[in-house]
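Chemist: Please work out how this folds:
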Amino acid sequence: MRVCIPTETNDGKNAQVYGHFGSAPYFTIYDTANDSVEVINKANKHHAHGTCHPMGILSDKDIDIVICNGMGTRAVQKLNEYRIKVYKTSAQTVEEIIKQYKESRLEGITMENACNQHKCY
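Modeler: Residues are numbered from 1 along each chain as shown. All right, here's what the predicted structure looks like:
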């Protein structure tokens, strides 16, 4: 499995999780098969909130899962179209998320519980 996590920094497993999926400066991709990480720098992809297109960056990365603190309904819908599962967490680092994932302690993000107008439930 390849797990994509939006991060604030490019510090691998020690990276800080970014608060929202699409506008994150980095995507840290954790590969469960070989316990490795790949960091995608998207800091130069400036945009207004709600106008991001992360799948343009991720479409060739064979992502199976996205785990983040929050995501809007449009992003959930788009990821679901790519058959990518989406989960939410309150973890603060990639390493914490990996632990939660391995312990199956994550809640799915659906259209019903996605962020709505900058409010996450």
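Chemist: what's the closest residue to residue 71 other than its chain neighbours in contact with, if anything?
Modeler: Using Cβ to Cβ, 6 or more residues apart in numbering and skipping residues adjacent in sequence, the residue nearest residue 71 is residue 21, 4.4 Å away. Using the backbone N, CA and C atoms, a C-beta is placed for each residue, glycine as well. If a contact means Cβ atoms under 8 Å, 6 or more residues apart in numbering, then residue 21 has 6, 54, 66, 68, 70-71, 75 as its contacts.
Chemist: at 6 Å what do you get?
Modeler: Applying Cβ atoms under 6 Å, 6 or more residues apart in numbering, we find residue 21 in contact with 6, 68, 71, 75.
Chemist: where are the low-confidence patches of this structure?
Modeler: For the chain, the stretches flagged by pLDDT under 70 are 43-56, 116-121.
Chemist: Show me where this structure has its strands.
Modeler: In the chain, the strands defined using DSSP state E lie at 2-7, 26-31, 36-41, 65-68, 85-88, 107-108.
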